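Trainee: quick one: sequence and predicted model below, then my questions.
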Amino acid sequence: MERFPSGDRIQLPRNMIENSMFEEEPDVVDLAKEHNLHPLEPDEVEYEPRSSRLLVRGLGDHEMDEDEEDYESSSAKLLGMSFMNRSTGLRNNSAGYRQSSDGSCSAPSARTTVICAVVLVIAVSVIMAIYLLPKCTFTKEGCHKRNHTTEDVFPLATNGEPFPWAHFRLPVSVVPTHYDVVLQPNLNSMTFKGSVQITVKVCQVTWHIILHSSKLNITKATIASSGSTQPKPVEHLEYPLNDQIAILAPEALLVGQEYNISMEYSSNLSDTYYGFYKIAFKDSNSTRWLAATQFEPLAARSAFPCFDEPAFKATFQIKVKREKQYSTLSNMPKKAIKTLTDELVQDEFSVSLKMSTYLVAVIVGNLANVSKQTGGILVSIYAVPQKSVHTEYALGITVKLLEFYQKYFNITYPLQKLDLVALPDFQAGAMENWGLITFRETALLHDDKMSSAMDRKRVASVIAHELAHQWFGNLVTMEWWNDLWLNEGFATFMENFAMKEVFPDLYNDDYFLSLRFKTMDKDSMNSSHPISLAVKSSEEIEEMFDAVSYVKGASLLLMLKNFLHNDVFQAGIQIYLHDHSYGSTFSDNLWDSMNEVTNGTVNIKTIMKTWTTQKGFPLVTVRREGKRINLQQEKFEHDLENQTFPSSSLWHIPLSYKVSNQSSFLPFNVYLLEQKSGFIDLPEPVKWIKFNVDSDGYYIVQYSEDDWNALIELLKTDRTALNPKDRANLIHDIFNLAGVGKVPLAKAFKLIDYLAKENSTAPVMQALNQMSHIFNLVEKRRMQDLSSRVLYKINKLLGDKINQQTWTNNGTLSEQELQSNLLMFACSHGLGKCAETASQLFNKWKDSNGTESLPTDVMKIIFIAGAKNGSGWDFLLSMYHSLVSEPEKLKILEALSNSDDVRRLSWLMQTSLEGDIIRSQDLPIVINTVSQNLPGHLLAWDFVKENWDQLIKKFHRGSYTIQNIVTTTTCHFSTPEHLLEVKTFFESKSEETFQLRYVQEAIETIQLNIWWMEKNLAELTKLL
């Protein structure tokens, strides 16, 4: 949604901002009702004439009740007294009044009377001068005249009148209970008309109703008391900076009464991915159109005026007017179809359950579907007609997951139907609209011939995530976006838990483990944020959709589940969902539910608030002295400034550990570290100890020199004493500790020397990721000799394993993922005969005109090899145009983005931005792939700079897409020159842009890369 430039925001008086009860822009309209909003400060007092304040108040409320008048009067007296006290101080210091021996005051002398009269005249004159001044701020330095007018106190509406609300969030004086929404999209003119009637209940007497509207041309607005047949026309004001409108009531709206607000409006179908937007797709070489909605987080307001905050839940009845050749879908089942004209019909849907505005959904177009009943619920998978043959797989997955969730949560899915729709152009992976879930095609459609094992897993995982939202997010919703993790962290956790329980053949822990490691890298930065964080702007809300909310949130739930054990954790979830169904919650509500189950044996709220209210994670230092294990915690952080200030951060850490003589009946032990330090007394001495069993805890462990050596020796001699996740955890921790100077880089290299004997995916992939990061830093510095030596080291560790990989679809999912990653790295960097083999397979496929069957799990690697030469690239592009299979098209697009030809790469990015040949939804994939390879390393960043304004118009400045583009295209920079370039670019845009969290993350990443190279380059050269 387009906003006014930040410079247009009216600067409010400082004390108004600082004393705002919401710590946002102040609600000046209701200041007279809030007795504590403006406490008088000893060193600064602002005085404003009462007449001016009454004038301002009159904009919002036409009359004042007696209490308000008394308060206005008393406020003026208080202000007057504050100034009178200053003159009183003068009188107290004078000698005009004498005290007699009995303690009473004697009559003043004539001289004293004259002096007092003069002082009194001066005091009155000062007060009158203050009263008549436009405004004066008194401080210790004196009076600073500030030329404030009503416009300074109130934001201005579009018509120039003061807008009676200055907060980003809506007031709670009026709440919605029901919406009747009518939409009429026109897929020829790409516009839509609409009307809405909102039933509201008044909680506080008010003369105005504030709600959201964005880019809607409102042509008519009326209000009527509930049951009245005489709606009254009302004036409305618009304040686009906050996407707000004010309905000005003709009379006071009374507490407890219900009113119906009705509006008619029109707008354009959006050409972004937000709101009610248009979608073009090819069908038999002709262009067809759909219209679909994407409202999360702040875009329902661009389809109909509404109270667009998650806590304002209401019921909805949706009606859609459409041309007869189209069909429609919405959250609820279709109730009736009414013919309006020869060409126009109206679909009416059943009244919804109570839900948030961001979950409302409408789709208009031509779609085909497959369906199946389960437990009285009709499950349907929709796609454009030519791709409907790829929907059966998703249908089977959905039915099984739906049955699992209903049983696990002990709450029946509450709707009569569940639709899953593959949209041809969709920015996100999927969106959990209640009863009408929308997906990117690659996240829902499965091609038996072209989908790899990873493709099948992805489809099942995304469905698992979105179905979990039907309970976590839809049935129970976070009260405000600061607790987004309650939605996304839970859905991410349940996605992995459900996949492990329902589809063990499609799931392994390796991917989720890798995501946790990457999220910890992000969360260790100063630019990170607590998972529960106050947000006060649209950009701040959009920025919450990141790995911290999703993956850290899920990681904390995993850690809690293991601490409480499965049954206790499940019971807590069931209580939480049952107690808060159809309501809104805070993080504390979840912890309270967990505490009901633990019965006071452990305070979950106390433990978990240490994890949700502070960013980052702990570093636990372990020192073994005989049978005693000494423990100490501190914040894990990068000390770029060489500061030695101790951190005040403290976590309650459920530490898990295993020892060399661990009993087979007790796979691991648990110790809750609640203080800065603690200790564990073992029953007998041990040879080694490993903390963070299975890497299920969200912390890093630093061992003593002797204990690191014992673990390194264990990996060499008996690695299976630790499971693969533990081995991967050791690799992750030691490289991160080396990155902050806690252990020598040589120690990390020594630990991975055992890898030649490693056969498990998780430790191999973690080692490859760590070594790839080092390789990328030196390669992008054009240090060819050193980068070649890094490759030699990787080949020495993993070369035999690479050579063992086959070009087939055989093996378990974990083995196929290892095969794909090893061959991808080897072919991309010329190791062994990988590139030669891949090129031979590509040429054979090309010579068959694309009819030759290729193993799907290595298909992308083969395509990438072919895209390295011009004729192969051109052939792949022609195939991309003609194919219907989305999985195959995505593999081709990634291959095209791996070209070494910068002209082709530039064309590819520009074409993706335009969105005709390659859909703009795939632009982030193209840019990110281009940026990872040496030829496109700088090209991608230059493209972002040159097209910044178009990018943020298409995807929004705070969106996850832009976050990902910025951080990915800059993550391999490691020179002061690149640091200055990135800083200068974002500073040139605006201060608000420069302060965005992902911009600060990009800058901090470059600083860390520079620091790493300065500290480790010499040692790295020696080691290689």
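Mentor: Looks like it came in fine. Numbering: from 1, shown residues only.
Trainee: just the helices in the stretch 851-1000 of the chain please.
Mentor: With helices called from DSSP state H, counting those that start in this stretch, the stretch 851-1000 of the chain shows them at 859-866, 870-882, 886-896, 902-914, 923-932, 937-946, 948-955, 960-970, 976-989, 991-994, 997-1023.
Trainee: and the second one, what does it pack onto?
Mentor: If you count contacts as 3 or more Cβ pairs under 8 Å, 6 or more residues apart in numbering; DSSP states H and E, helix 870-882 packs onto helix 834-847, helix 859-866, helix 886-896. Placement of C-beta: from N, CA and C, glycine included.
Trainee: chain center to that helix, what's the gap?
Mentor: Centre-to-centre, helix 870-882 and its host chain are 36 Å apart (Cα atoms, centre = their mean, to the nearest Å).
Trainee: what's the answer for the shortest one, then?
Mentor: Mean-position distance between helix 991-994 and its chain equals 19 Å (Cα atoms, centre = their mean).
Trainee: who are the packing partners of it?
Mentor: Against helix 991-994 (3+ Cβ pairs under 8 Å, 6+ apart) you get helix 976-989.
Trainee: at 10 Å instead, please
Mentor: In this structure, helix 991-994 makes packing contacts with helix 976-989, helix 997-1023, judged by 3 or more Cβ pairs under 10 Å, 6 or more residues apart in numbering; DSSP states H and E.
Trainee: buried residues, the first one. List them.
Mentor: Within helix 976-989, the residues that count as buried by 16 or more other Cβ atoms under 10 Å are H978, L979, V982, F985, F986.
Trainee: and the two most separated of these?
Mentor: Spanning the widest gap among the buried residues of helix 976-989 are H978 and F986, at 12.9 Å by Cβ to Cβ.
Trainee: before we move on, back to that, so which of the helices of the stretch 851-1000 of the chain is the most packed in?
Mentor: helix 859-866 (a mean of 25; mean count of other Cβ atoms under 10 Å).
Trainee: residues contacting E403?
Mentor: Contacts for E403 (Cβ atoms under 10 Å, 6 or more residues apart in numbering) come out as T374, G375, I377, Y413, V502.
Trainee: inside helices: which ones of the residues you listed?
Mentor: V502 (DSSP state H).
Trainee: wait, which of the contacts of E403 is closest to L298?
Mentor: Y413 (27.1 Å).
Trainee: wait, that closest one touches K407, no?
Mentor: No. Using Cβ atoms under 10 Å, Y413 makes no contact with K407, being 11.0 Å away.
Trainee: measure the nearest residue to N795 once chain neighbours are set aside to A491 for me?
Mentor: Excluding the flanking residues, the one nearest N795 by Cβ to Cβ, 6 or more residues apart in numbering is L831, at 5.2 Å. Distance of L831 to A491, given as Cβ to Cβ, to the nearest Å: 39 Å.
Trainee: these two: which is more packed in?
Mentor: Legend: neighbour count by other Cβ atoms under 10 Å for L831 and A491, higher for A491 (24 against 20).
Trainee: which helix or strand contains the more buried one?
Mentor: helix 485-502 (DSSP states H and E).
Trainee: just the CA trace of that helix, in CSV.
Mentor: Taking Å, rounded to 0.1, in the frame of the first residue of the first chain, the C-alpha atoms of helix 485-502 are listed here in CSV:
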residue,chain,number,x,y,z
TRP,A,485,5.3,-15.8,16.3
LEU,A,486,2.3,-17.3,18.0
ASN,A,487,1.0,-17.9,14.4
GLU,A,488,4.1,-18.5,12.4
GLY,A,489,6.3,-20.1,15.0
PHE,A,490,3.6,-22.6,15.9
ALA,A,491,2.7,-23.4,12.3
THR,A,492,6.4,-24.0,11.5
PHE,A,493,6.8,-26.2,14.6
MET,A,494,3.6,-28.2,13.8
GLU,A,495,4.6,-28.5,10.1
ASN,A,496,7.7,-30.4,11.1
PHE,A,497,6.0,-32.3,13.9
ALA,A,498,3.1,-33.4,11.7
MET,A,499,5.4,-34.4,8.8
LYS,A,500,7.4,-36.6,11.1
GLU,A,501,4.3,-38.2,12.5
VAL,A,502,2.2,-38.6,9.4
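Trainee: check which element follows it along the chain.
Mentor: Following helix 485-502 in sequence, per DSSP H and E, is helix 510-523.
Trainee: name the residues of that following helix that are buried.
Mentor: By 16+ other Cβ under 10 Å, the buried positions in helix 510-523 come out as 510-517, 519-523.
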